[in-house]
Structure formats: structure tokens, C-alpha cells
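Participant: Structure, please.
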Amino acid sequence: MTQLLITEPLGEIPPGSTTAQPVAATPRERVARALRFFVRRPGLVVSIVFVVLVLIAAFAPTVLAGGDPAAGVPADKLQPPSAAHVFGTDYLGRDVYTRVVHGAALSLQATVIAVAVALVVGGLIGLLAGFVGRWVDEGLMRVVDVLMAIPAILLSLALITALGYGTIKVAIAVGIASVANFARVMRAETLRIRQSTYVEAARSVGTRWHVTLVRHVLPNAAGPVLVLAVLEFGLAILAVSSLSFLGYGAPPPAPEWGSLIAEGRNYIAASWWLCAMPGFAIAATVLSVNRISRALDGEWSRAS
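Facilitator: Model (predicted):
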């Protein structure tokens, strides 16, 4: 008995078939989806706008405050917030708003260096530990365990004592204190990706280990680490500002955010704005960065 095989042309769907074909979203649909996403999250919109203003203050402070942060008018000292001085003036008659805006450059410069040091050093440690394994993994992870056993602020203070004072040295100390977090996340992602099918296929065809590492493992493991970098950015701002408050940052009259709070603590009873305004800038920046990092950590995909 002969069987007849009836084949359909490739790419065509038989009449009456219920197979669903994925339809690519049009540009208008993508824009509408993005608008719905942001309209339902006003806090995220405010956070993005505030972070953009902080970045403008860091890279082009004269756009937001054209005055000289070191120039003061003694006759206007300790003036409360008003239309003429939005954040008030300090004990030398300097405009606090101008000093906060110009201080963003120093504070963010140290923060970017700190996060970069932690990302590069911790990422390399976690990548090698997860990919090589065996005694390399054991040795590197024991070093990471030692770093995690020491409180970050104490480790930073110990490193600053060895390196010396200054904004760059504070940034390096804060970055080294944060290496352990990046190393553990990168190691976990590398271990997960190392067991994937495409990595095994690359090994089976004789691909060199460093090619597999750079081409297949690193790009696929970098996502969660970059999200962690955004989250650590806010924590690094707090750490840098704390060390600057203690006097380990740039020397006066540099308007770092932490040093501004330290200068105003002697006048806090009568002139609250000297500490409150720089503190508000620090708190708002940290909260905004944390909100953005939460949005990057899968919130967009869950909302779709």
C-alpha cells in the first residue's frame, strides 16, 4: 500500500492552521509601550531627570550655576534660602547652591573611579575564578572572603592611611573595598554560562580558551554585573562623601559634598541649610540611582 506524503511549501501556513507567528512591534507600538511604562512610574521619571541634572552639574557646572564657588560676600554671610540665594549662604558669604553644583564634579569623579576600580578588578577576579575553577577558584575566593569579612568603611580607612589623602586616593580605596561584591556576582554568572550549550560546543570544536572566554562567556555574564555597577554607584557616593566628611578628601576650599556638610556642622543650630542642602543632594542622588538600577534589573521585561 503506497503512502502519499503531501508537503507544504516552506514559509507558508496551511489553511486553518492555528500556529501563531511572532509579529515584530512597529516603531509606534514601541514608543507607546515606553510611554505607558514611564507614565505608570513617575518616580522613575523624576529619578532620571535628577540624575541628568547631576551629570550636567558634574560636566558643565556653569550651565546650572555660573558663579565662582570660592567667591563670597562677607556682608551676606549665613543668609537663609531666598530668591537671591536658593540654598542660602555659608559663613564666608559664599552661595551654597553654587558650591553644591560645582562640588558634583569632584564627588562624581571620585565615585566613577571607585566603581570602575571595583568593576574591573572584581570582574576579572570573578571571571577567572568561575571559568578556570579548581585551585584558582579556591584561592581567589578565599581572598574575596577576607575582603568581605572586613567592613568596607574600615578597609577604606586602612587603605587611605597607606595611600594618603586626596580625592583620587579616596576613590581607589572605596573601589578596592567594593571588589568582593563584583567578584562574587561575576563568578556566579560565569559558572552558569560555562555550562551552557554554546560554550560546550565552542570547546568541542577546539576553540581556544581565551577566545571562548572573551567571545562567549564575558558578553553574556556582563549584564547582571553592569546592573550591580549602577547600584554600587549610589553606595560609592555615600562612601566617598563619608570619607570626605571625615577630612580625607580634597582639601578646602574644594566644595566636595561631604566636606560641605563638615563645614556646616558647626553652624547647624542656627544655619541648618549648610548641612541640609548638600545632604539633600547626596540623598536624592543615591535614591535616584537606586531607582534607576531597579528599573534596569528586569523591570522593563516584566512590564512587557
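
Participant: Just give me the residue right at the centre of this protein.
Facilitator: Nearest residue to the geometric centre of the chain (Cα atoms, centre = their mean): Val230, 2.3 Å.

Participant: Now that one: which helix or strand?
Facilitator: Using DSSP states H and E, the element containing Val230 is helix 218-245.

Participant: Averaged pLDDT, that helix. What do you get?
Facilitator: With pLDDT averaged residue by residue, helix 218-245 scores 86.

Participant: Can you show me the helices along the stretch 201-304 of the chain?
Facilitator: For the stretch 201-304 of the chain, applying DSSP state H, counting those that start in this stretch gives helices covering 209-212, 218-245, 257-264, 273-294, 300-303.

Participant: scratch that, the stretch 1-150 of the chain
Facilitator: For the stretch 1-150 of the chain, applying DSSP H, counting those that start in this stretch gives helices covering 27-39, 42-59, 61-64, 96-132, 134-149.

Participant: do you know which of the ones you listed lies nearest Leu243?
Facilitator: When the helices of the stretch 1-150 of the chain are compared by Cβ to Cβ, helix 96-132 sits nearest Leu243, at 8.8 Å. Glycine gets a C-beta too; all of them are placed from N, C-alpha and C.

Participant: Next, the angle helix 42-59 makes with that closest one.
Facilitator: 100 degrees (axes from the mean of the first three to the mean of the last three Cα atoms, to 10 degrees).

Participant: now the angle from helix 96-132 to helix 134-149?
Facilitator: 150 degrees.

Participant: Helix 96-132: how far from the chain's middle?
Facilitator: Distance of helix 96-132 from the chain centroid (Cα atoms, centre = their mean, to the nearest Å) equals 8 Å.

Participant: where does the stretch 151-300 of the chain dip in pLDDT?
Facilitator: For the stretch 151-300 of the chain, applying pLDDT under 70 flags the ranges 206, 209-210, 297-300.

Participant: quick revisit: turn the helices of the stretch 1-150 of the chain into JSON lines, including mean pLDDT.
Facilitator: Converted to JSON lines, the helices of the stretch 1-150 of the chain look like this (pLDDT from 0 to 100):
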{"stretch": "helix 27-39", "mean pLDDT": "76"}
{"stretch": "helix 42-59", "mean pLDDT": "88"}
{"stretch": "helix 61-64", "mean pLDDT": "87"}
{"stretch": "helix 96-132", "mean pLDDT": "89"}
{"stretch": "helix 134-149", "mean pLDDT": "85"}
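
Participant: Quick one: closest of the ones you listed to Val225.
Facilitator: helix 96-132 (5.9 Å).

Participant: helices or strands next to the closest one in the packing?
Facilitator: Helix 96-132 is packed against helix 42-59, helix 61-64, helix 134-149, helix 167-177, helix 179-194, helix 218-245, helix 257-264, helix 273-294, with contacts defined by 3 or more Cβ pairs under 8 Å, 6 or more residues apart in numbering; DSSP states H and E.

Participant: at 6 Å instead, please
Facilitator: For helix 96-132, the elements it packs on are helix 42-59, helix 61-64, helix 134-149, helix 167-177, helix 179-194, helix 218-245, helix 273-294, judged by 3 or more Cβ pairs under 6 Å, 6 or more residues apart in numbering; DSSP states H and E.

Participant: Could you export the helices of the stretch 201-304 of the chain as a markdown table, including distance to Phe182?
Facilitator: As requested, the helices of the stretch 201-304 of the chain are exported to a markdown table (distance: least, Cβ to Cβ, whole Å):
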| stretch | distance to Phe182 |
| --- | --- |
| helix 209-212 | 21 |
| helix 218-245 | 6 |
| helix 257-264 | 24 |
| helix 273-294 | 14 |
| helix 300-303 | 23 |
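
Participant: out of those helices, deepest packed?
Facilitator: Ranked by mean neighbour count under mean count of other Cβ atoms under 10 Å, the helices of the stretch 201-304 of the chain are led by helix 257-264, which reaches a mean of 24.

Participant: now that one against helix 218-245, angle please.
Facilitator: Put simply, helix 257-264 runs at 10 degrees to helix 218-245, going by the same axes, to 10 degrees.

Participant: Tabulate the CA atom coordinates of helix 257-264 in CSV.
Facilitator: Below are the C-alpha coordinates for helix 257-264, written out as CSV (Å, rounded to 0.1, in the frame of the first residue of the first chain):
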residue,chain,number,x,y,z
TRP,A,257,29.6,67.3,49.1
GLY,A,258,31.0,65.6,52.2
SER,A,259,33.3,68.5,53.1
LEU,A,260,30.4,70.9,52.7
ILE,A,261,28.5,69.1,55.3
ALA,A,262,31.6,69.0,57.6
GLU,A,263,32.0,72.8,57.2
GLY,A,264,28.4,73.4,58.1
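
Participant: For it, which outside residues touch it?
Facilitator: Residues from elsewhere that reach helix 257-264 (Cβ atoms under 6 Å, 6 or more residues apart in numbering): Gly103, Ser107, Ser241, Ser244, Phe245, Gly249, Leu274, Cys275, Pro278, Gly279, Ile282.
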